[in-house]
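# Provide a 3D model corresponding to the input given below.
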Amino acid sequence: NILGLLSDSLPSQISQATSLVTVDLQNNFLGSQAPLPFEFFTSLESLATLNLRINSFAGPIATTIGQLPDSLAQLDISANAFTGFLPSEIGQLVALTDLRIARSDFQTEPNGACQDTDVNPLGCLQGTIPTELGKLVNMRTLWLFEHSFTGVLPTELGNMVSLSE
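Numbers count the residues shown, from 1 in each chain. Alright, predicted model coming up:
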């Protein structure tokens with residue numbers, strides 16, 4: 001766990017440590033408002049936990065999210081500046097039990113649109129929640145709050161029979 005010591009880009013040594021089980025880089029200054037390069041973590045075959053919460057990643061969540069290791073059980077990319085849509089490829093992460101893509105430090109307009117605060121401007125996901133999330137049947141924790149999703153909840157989310165949070 002490296003708190004507040006890193007800025008800009010991810011340390012290249014991490015992607016070379018292929019036996020890592022946990023990568024916890026929360027609360028740093030990584031990303032410099034750039035997209036999160038999920039392909040950086042694909043070589044970590046034993047990776048079970050990836051925590052990149054509270055950094056500076058911005059823009060769309062790349063479809064390469066679906067290429068994260070099959071062993072990944074916990075993914076927290078909350079409190080970054082993501083925009084656009086939640087990609088359907090997230091449904092390929094079938095071992096996930098804990099997925100957190102929540103926002104923080106913002107306000108919601110009466111029409112449901114996200115509004116950044118002056119303190120910490122963050123992005124906002126929009127569109128519909130992909131039905132492919134229903135493939136994540138082992139899910140216990142799912143945080144998608146504080147975004148501008150539209151439409152109805154997919155009935156496929158009912159496949160998450162262990163969901164408790």
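
# Lowest-scoring secondary structure element of the protein by mean pLDDT?
Least confident helix or strand of the chain, by mean pLDDT, DSSP states H and E, is strand 106-108 with a mean of 40.

# Would you agree Arg103 is in contact with His147?
Yes. Between Arg103 and His147 there is a contact under CB atoms under 8 Å: 6.2 Å. For every residue, glycine as well, the C-beta is placed using N, CA and C.

# need the helices for this structure, in chain order.
In the chain, the helices defined using DSSP state H lie at 12-16.

# Geometric centre of it: which residue is closest?
Ile77 (3.5 Å; CA atoms, centre = their mean).

# Wait, that residue touches Ile101, no?
Yes. Assessed by CB under 8 Å, Ile77 is found in contact with Ile101 at 5.6 Å.

# if I pick the nearest residue to Gln67 once chain neighbours are set aside, what's in contact with it?
Excluding its sequence neighbours, the residue lying closest to Gln67 (CB to CB, 6 or more residues apart in numbering) is Thr42, at 5.1 Å. Thr42 is in contact with 64, 67-69, counting by CB atoms under 8 Å, 6 or more residues apart in numbering.

# What is the burial count for the closest residue to Asn138 other than its chain neighbours?
The shortest distance from Asn138 to any non-neighbouring residue, by CB to CB, 6+ apart, is to Thr97 (5.0 Å). Thr97 is flanked by 19 other residues according to other CB atoms under 10 Å.
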